[in-house]
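[1] Please find the sequence and the predicted model below.
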Amino acid sequence: VLNKLLNVVLGQKQLAKGATSFDADIEKTQAGVLNTQLALGLKDWEVKDREAKQRYELTSLNLSADSSVGNQEILLRSVKLVMAPTERAKNELFAEGTIPTGGEGDGLRGRFSVKADSLDVTPLYEIFGGGSKGAEDENTDAEESQEPMTEPEPIKLPFERFDVDLDIKKLILGAIEITDFKTVAAAESTQVKVEPLELKLNGAPVKANASIDFSVPGYRYELGLMADHVPWQPIADTFIPLAKERTEGEIIASANIKGQGITGKSLAEYLNGQLSCSFTNANVKLVGNFTRALLTPIMAVLRAPEILQSPLYAFGADLKAGDGHIDVGQIKILTDAFQANTAGRIPISDNLSLSALNLPLNIGLKRELATRANLLPSGTMGDSPYVDLPNFVELQGALGEMKVKTDKMAISGLVLKSTTAIPSQVVGQAGERAGEVIDGVGSLIEGFGDLGLKRKTKGATNDSTKSEGEGETSGISPSKIFDLLPRRKR
């Protein structure tokens, strides 16, 4: 029976072999208190993933709890998690505390403390970690996300105060190694505050703080984050197996955000703050439909396959929110073949996913490629690593469904100028070549609709005022930005 229950918990995974045990010793005192001793044991587990066709092993796990259950509280005298030790970790975790259970409000207090010297949770993540959603689920979620949201109602926590203290000297998950992980959280009636939250992620410092006030509709919140040169490769190796040992880079991020509510209307009124993020010393291959939709027209016009093949080596974003809009100070990517950046203002709509986008995408071509394509303007400074191209791409649509628009007139100018670099014996065919390339780019852009980028948006209106000479591919959700990275193969 226990194994059948565990198979339900495992989902698409299945317990192939292994022993599972559960023991419980419960004694009731004259005062009505239940003294309990519980023990769960897993030994020599082998779990197979039916979809990914992989097997995972867990040598041993023992979870024990010594507690007393009364009318007003649960006293956790000792909670102990022990797994088979490895060279990386002792794999012992200890917890204790008091959890209030009776009544509400004044006088009810609780606490919970967790400590560990070193813990490797990789086997637990591999076995119990959830799978990714399928395309059908993603489309359903995308459509549902277009429906206007409502603010959650205010709530009051069922105790006067509850404190949580976490102190883990080393926590390992795959290639990620977190050290000096400490945080203190306090909950008081209608408020929760987490400060500080500190750790080192593969040696890089990360600090965060958060506070939430549940006494108002939508909740009032304040969030802070600082991450200094966090290495990307361990994160990619752990969560994106296809990218293992194929990506590099460091993340620098800071954020300070205040607001109330989660609907567009509330965010427009209350959201304030800034978010800055940069990705440096990187080596990440740009892949996926989102990236190809942006870069294929450029590659086709300039006859430069390097644009799709060149890895990203830097990324930066600066965003500010306030007064009912989001200011994109700059979003910029750099590769060995080109640079691209955009900036502008996004008004926050009452339905957040329908907040309108109108951001020009500025493209700069690496000097060597611009020279080869005959697109190097006269008078260009000799130390300029990139050559700016005329604007022919815009990011339009809405936050929930972005559209890439191209200016065919600007493209024709690029093609005509580029084809003058063709040897003189074929110059007479330049006009024909330009027409072919322009038509080809249009076909490529429209063709991305077959790759799942075109999708109707509930509540969105059709734009029937598209100017002549403009191309468009629609339905690219900003969530597709994660297509920059290789996907986990399921």
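    Happy to help now that I have it.
[2] CA only for contacts and neighbour counts going forward, please
    Will do.
[3] In which helix or strand does Asn281 reside?
    Assigned by DSSP states H and E, Asn281 belongs to strand 272-283.
[4] and what of Ile99?
    strand 92-100.
[5] For that strand, output the C-alpha coordinates as CSV.
    The C-alpha trace of strand 92-100 is given here as CSV (Å, rounded to 0.1, in the frame of the first residue of the first chain):
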residue,chain,number,x,y,z
GLU,A,92,22.1,14.9,8.2
LEU,A,93,19.5,17.5,8.9
PHE,A,94,18.0,18.4,12.3
ALA,A,95,14.8,20.4,13.1
GLU,A,96,12.8,21.3,16.2
GLY,A,97,10.1,23.7,17.1
THR,A,98,6.6,24.4,18.3
ILE,A,99,3.6,24.7,15.9
PRO,A,100,0.4,26.4,17.3
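[6] which residues touch that strand?
    For strand 92-100, the surrounding residues in contact (Cα atoms under 8 Å, 6 or more residues apart in numbering) are 72-83, 108-119, 159.
[7] how about a cut-off of 6 Å?
    Strand 92-100 is contacted from outside by 72-82, 110-116, using Cα atoms under 6 Å, 6 or more residues apart in numbering.
[8] Can you select the buried ones among the residues you listed for me in ChimeraX?
    What follows is the ChimeraX syntax for the buried subset of the contacts of strand 92-100, where burial is set by 16 or more other Cα atoms under 10 Å:
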select :73,74,75,76,79,80,81,82,110,111,112,114,115,116
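[9] picking up where we left off before, parallel or antiparallel, list what pairs with the strand holding Ile99.
    Within its sheet, and counting by DSSP bridges, strand 92-100 is paired with strand 73-83 (antiparallel), strand 109-116 (antiparallel).
[10] Dump the first one to PDB, restricted to CA.
    This file holds the C-alpha atoms of strand 73-83, laid out as PDB (Å, rounded to 0.1, in the frame of the first residue of the first chain):
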ATOM      1  CA  GLU A  73       0.200  23.100  19.800                       C
ATOM      2  CA  ILE A  74       2.400  20.500  18.300                       C
ATOM      3  CA  LEU A  75       5.800  20.200  20.100                       C
ATOM      4  CA  LEU A  76       8.500  18.900  17.700                       C
ATOM      5  CA  ARG A  77      11.100  17.700  20.100                       C
ATOM      6  CA  SER A  78      13.300  16.300  17.300                       C
ATOM      7  CA  VAL A  79      13.000  15.800  13.600                       C
ATOM      8  CA  LYS A  80      15.900  14.100  11.900                       C
ATOM      9  CA  LEU A  81      16.600  13.400   8.200                       C
ATOM     10  CA  VAL A  82      19.500  11.100   7.500                       C
ATOM     11  CA  MET A  83      20.700   9.900   4.100                       C
END
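[11] And it, how far out from the chain middle?
    Strand 73-83 sits 33 Å away from the centroid of its parent chain (Cα atoms, centre = their mean, to the nearest Å).
[12] mean confidence score for it?
    For strand 73-83, the mean per-residue pLDDT is 95.
[13] now do stretch 114-129
    Average pLDDT, stretch 114-129: 93.
[14] for stretch 50-62, same thing?
    Averaging pLDDT along stretch 50-62 gives 86.
[15] Mind listing what's buried along it?
    Within stretch 50-62, the residues that count as buried by 16+ other Cα under 10 Å are 55-58, 60-62.
[16] Kindly reformat those residues as JSON lines containing secondary structure.
    Putting the buried residues of stretch 50-62 into JSON lines (DSSP: H, G, I helix; E, B strand; the rest coil) gives the following:
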{"residue": "Arg55", "secondary structure": "strand"}
{"residue": "Tyr56", "secondary structure": "strand"}
{"residue": "Glu57", "secondary structure": "strand"}
{"residue": "Leu58", "secondary structure": "strand"}
{"residue": "Ser60", "secondary structure": "strand"}
{"residue": "Leu61", "secondary structure": "strand"}
{"residue": "Asn62", "secondary structure": "strand"}
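[17] before we move on, the earlier item: now for the strand holding Asn281, which elements pack on it?
    Strand 272-283 sits against strand 248-260, strand 312-322, with contacts defined as 3 or more Cα pairs under 6 Å, 6 or more residues apart in numbering; DSSP states H and E.
[18] packing partners for the helix or strand containing Gln330?
    For Gln330, the element it lies in under DSSP H and E is strand 325-335. Strand 325-335 is packed against strand 312-322, strand 338-347, with contacts defined by 3+ Cα pairs under 6 Å, 6+ apart.
[19] For Ser266, which of these is the nearest?
    Evaluated with Cα to Cα, these place strand 312-322 nearest to Ser266, the distance being 11.5 Å.
[20] Not counting that closest one itself, show me its contacts.
    271-284, 326-335.
[21] ok, back up a step: let me have the helices and strands packed on strand 272-283 in JSON lines, extended by distance to Leu5 and mean pLDDT.
    Converted to JSON lines, these look like this (distance: least, Cα to Cα, whole Å; pLDDT from 0 to 100):
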{"stretch": "strand 248-260", "distance to Leu5": "41", "mean pLDDT": "96"}
{"stretch": "strand 312-322", "distance to Leu5": "46", "mean pLDDT": "94"}
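[22] And those strands: which comes nearest Thr183?
    Nearest of the helices and strands packed on strand 272-283 (Cα to Cα): strand 248-260, 18.4 Å.
[23] Now the element after that closest one, going C-ward?
    Using DSSP H and E, the next helix or strand after strand 248-260 towards the C-terminus is helix 264-270.
[24] Val33 is nearest to which of the helices and strands packed on strand 272-283?
    Comparing the helices and strands packed on strand 272-283 against Val33 with Cα to Cα, the closest turns out to be strand 248-260 (42.7 Å).
[25] got the angle for the closest one vs strand 312-322?
    Counting by axes from the mean of the first three to the mean of the last three Cα atoms, to 10 degrees, strand 248-260 lies at 10 degrees to strand 312-322.
[26] Would you agree Gly261 is in contact with Ser215?
    No: here Gly261 does not reach Ser215: they are 11.6 Å apart, not a contact under Cα atoms under 6 Å.
[27] And these two? Which one has more around it.
    Gly261 (21 against 16; other Cα atoms under 10 Å).
[28] That one and Ala321, how far apart?
    Per Cα to Cα, to the nearest Å, Gly261 is found 14 Å from Ala321.
[29] give me the low-pLDDT residue ranges for the stretch 301-450 of the chain?
    The stretch 301-450 of the chain contains residues with pLDDT under 70 at 301-303, 379-382, 418-450.
[30] again, 80 this time
    For the stretch 301-450 of the chain, applying pLDDT under 80 flags the ranges 301-309, 372-384, 406, 408, 410-450.
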